[in-house]
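Student: let's see this in three dimensions:
(one chain, ligands or ions: 1)
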Amino acid sequence: MTRSELNAELARLKKRIAELENDIAELDKDSCSAGRARETETTTETETELGREEYIRYGRQMLVPEIGKPGQLALKKTKVLVVGAGGLGCPALTYLSGAGFGTIGIVDDDTVSLSNLPRQTLYSTTSIGMLKVDAAVEVLRSRNENVKYVCYPVAVRHDNVFDIVRQYDIVLDCTDTAMTRYLLGDATRLLSKPLISASALRTEAQLVVLNVGPDGPCYRCLFPNPPQHVEACSDAGIIGPVVAVAGTLQALEAIKLVSGHIPTAQQRTMTLFSAIYGPAWRSVRIRGWQKSCIVCGDRATVTESDITSGKYDYSEFCGIPDGYPDIDSSLSISVKELERRIKTPHVLLDVRDRTQYGICNLPDSINLPLSEMLGYDNPAALCSIVDQVNAEALPLFVICRFGNDSRTAVQLLRSSHRIRRVFDVTGGLDMWTEHVDSSFPRY
Ligand SMILES: Nc1ncnc2c1ncn2[C@@H]1O[C@H](COP(=O)(O)OP(=O)(O)OP(=O)(O)O)[C@@H](O)[C@H]1O
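Tutor: Reported below is the predicted structural model:
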């Protein structure tokens, strides 16, 4: 064959492989959304004995008196479920797999993106676009194929959570939304499975072990009311090692739970880590089981069937939708229109926080974070903007990263400051990059 014929054949085969991979992914999606999963073969010999290779592999860990051979065998018998294969999940999975848990289930419907790489250490540049569960298992298997890995390329939802969680002994919550945290908290409580929950944001992390001990609380005993406002790492930021600390601790707590050496105090404490404020580590005592808890209290009202049927509505409980005001279409402009209108006199107000503004900003924009606009009575900077706009009869364009905070700011400027010609830039700077200037950084 000539070179060009070979290239044509190669392109044909690549296309066919992509089609087949697509078909497999579709099949997996169908079966996994019902709580069934994709399993990888395992070379584990028996659950009651260790193979020669396992003595060598786990020897250092077995030498620790609190683990010993009984602890190692207990790990081998245990099925652990990790929900979320992101910043917490990657370090947790690495150490769970290394420690020799018998079965590790991994649930995540997301694919790997470039912004995941700094802290999601199971992935590399070549993983971008792959399902996280697939990319994770590829690496984990290459490190330890004694473990049976079970992938669920789906999001945990009200209608699949029980089917999935039921198959495991311990659950690690490595997700990042309030709704999933409550859902997992409730399902694990109702199925009496220990839940190791962690979170991390900016420079701080926290960890708690739930549903253990006679009066150990569940997630809802601890947090009966949803947070008013949840900040995501994609907005507030995160430092890789901080989330790695929390994920690693989750794996450690799972090992401790299984090997039977969890100190009683751990069951009623929350561990807090701060990379900035000392002392770096703190343990605070948490409330125990609450008889008023709607899931496990004396007069519990939420049952498994309420959850699976959707009768209990998590989005309503967590206060979703987003809570940003709707802006009349006459007060919204597209980024294309902004591009045109900033050629004539105007004021362009960027309401992102100062750190984000420092990362990138549009020329001649003024930065006044929404938090400051809301936080003080008439801050001087806001007054001077209002004065300028009124004195010179200028249009005021308000922009933020995605077009959410700017809506709140527009509403505030209209209602409290009576500015009439104030416009929200729909979709914010993200749309500016998309439609106007592709060189403007996305972060
Ligand atoms: N209901 C859910 N079921 C399964 N996985 C979930 C669920 N909710 C969130 N996750 C996963 O939990 C992981 C959380 O990881 P992380 O907090 O590092 O965020 P990320 O989405 O990967 O990154 P970023 O927020 O910076 O874009 C993500 O991979 C996400 O897909």
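
Student: rest of the way, CA atoms for contacts and neighbours
Tutor: Fine.

Student: strand partners (parallel or antiparallel) of the least confident helix or strand in the chain by mean pLDDT?
Tutor: Ranked by mean pLDDT, DSSP states H and E, the helix or strand of the chain with the weakest confidence is strand 38-39, at a mean of 70. Strands that pair with strand 38-39, judged by DSSP bridges, come out as strand 148-152 (antiparallel).

Student: can you show me the CA trace of the strand it pairs with as PDB?
Tutor: In PDB, the C-alpha atoms belonging to strand 148-152 read as follows (Å, rounded to 0.1, in the frame of the first residue of the first chain):
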ATOM      1  CA  LYS A 148     -12.100  -5.000  41.700                       C
ATOM      2  CA  TYR A 149     -13.100  -1.600  40.200                       C
ATOM      3  CA  VAL A 150     -16.700  -0.900  39.400                       C
ATOM      4  CA  CYS A 151     -17.500   2.200  37.300                       C
ATOM      5  CA  TYR A 152     -20.700   4.100  37.300                       C
END
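
Student: does the ligand have contacts with that strand?
Tutor: No. Strand 148-152 lies out of reach of the ligand by C-alpha under 6 Å from any ligand atom, never closer than 8.5 Å.

Student: let me know the next secondary structure element after that strand.
Tutor: Using DSSP states H and E, the next helix or strand after strand 148-152 towards the C-terminus is helix 161-165.

Student: avg pLDDT for that next one?
Tutor: Helix 161-165 carries an average pLDDT of 97.

Student: okay, it in CSV with CA atoms only?
Tutor: Extracted in CSV, the C-alpha atoms of helix 161-165 (Å, rounded to 0.1, in the frame of the first residue of the first chain):
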residue,chain,number,x,y,z
VAL,A,161,-28.7,6.3,44.8
PHE,A,162,-30.2,3.4,46.8
ASP,A,163,-29.4,0.8,44.1
ILE,A,164,-25.8,1.9,44.0
VAL,A,165,-25.1,2.5,47.7
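
Student: just to revisit the earlier point, can you list the residues that contact the next helix or strand after the least confident helix or strand of the chain?
Tutor: Of the helices and strands lying after strand 38-39 in sequence (DSSP H and E), the nearest is helix 52-62. Contacting residues not belonging to helix 52-62 are listed as 67, 68, 69, 71, 72, 99, 100 [C-alpha atoms under 8 Å, 6 or more residues apart in numbering].

Student: and if we set it to 10 Å?
Tutor: 44-45, 50-51, 67-73, 98-100, 144, 146 (C-alpha atoms under 10 Å, 6 or more residues apart in numbering).

Student: which among these end up buried?
Tutor: Neighbour-count burial (16 or more other C-alpha atoms under 10 Å) applied to these gives 44, 50, 67-69, 71-73, 98-100, 144, 146.

Student: all helices for the stretch 1-150 of the chain, in order.
Tutor: 3-33, 52-62, 68-77, 89-99, 132-143 (DSSP state H, counting those that start in this stretch).

Student: low pLDDT regions in the stretch 251-400 of the chain?
Tutor: Where the stretch 251-400 of the chain drops to pLDDT under 70, the residues are 262-266, 320-323, 376-378.

Student: interface residues of this protein facing the ligand?
Tutor: 83-87, 107-110, 116, 155-157, 174-177, 180, 233-234.

Student: find the closest residue to the ligand in the stretch 301-443 of the chain.
Tutor: Nearest to the ligand, among the residues of the stretch 301-443 of the chain, is residue 443, at 9.8 Å (C-alpha to the nearest ligand atom).

Student: could you tell me the model confidence score at that residue?
Tutor: Per the predicted model, pLDDT is 93 at residue 443.

Student: in strands, which of the residues of the chain next to the ligand appear?
Tutor: Residues of the residues of the chain next to the ligand located in strands (DSSP state E): 83, 107.

Student: got a quick PyMOL command for the buried subset of the residues of the chain next to the ligand?
Tutor: Listed next is the PyMOL selection for buried residues among the residues of the chain next to the ligand, using 16+ other C-alpha under 10 Å:
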select buried, resi 83+84+85+86+87+107+108+109+110+116+155+156+157+174+175+176+180
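
Student: ok, the contacts of helix 52-62 vs the ligand, which is closest?
Tutor: Closest approach between these and the ligand, by C-alpha to the nearest ligand atom: residue 98, at 20.6 Å.

Student: just give the nearest non-adjacent residue to the closest one, would you?
Tutor: In space, and not counting its chain neighbours, residue 98 is closest to residue 144: 6.6 Å by C-alpha to C-alpha, 6 or more residues apart in numbering.

Student: picking that back up, isn't the residue of the stretch 301-443 of the chain closest to the ligand right up against residue 402?
Tutor: No. Residue 443 sits out of contact with residue 402 when judged by C-alpha atoms under 10 Å, with a separation of 11.4 Å.

Student: which of these two has more neighbours?
Tutor: residue 402 (16 against 11; other C-alpha atoms under 10 Å).

Student: for the more buried one, give its distance to residue 372.
Tutor: Separation of residue 402 from residue 372 (C-alpha to C-alpha, to the nearest Å): 18 Å.

Student: residue 3 now?
Tutor: To residue 372, residue 3 is 64 Å away according to C-alpha to C-alpha.
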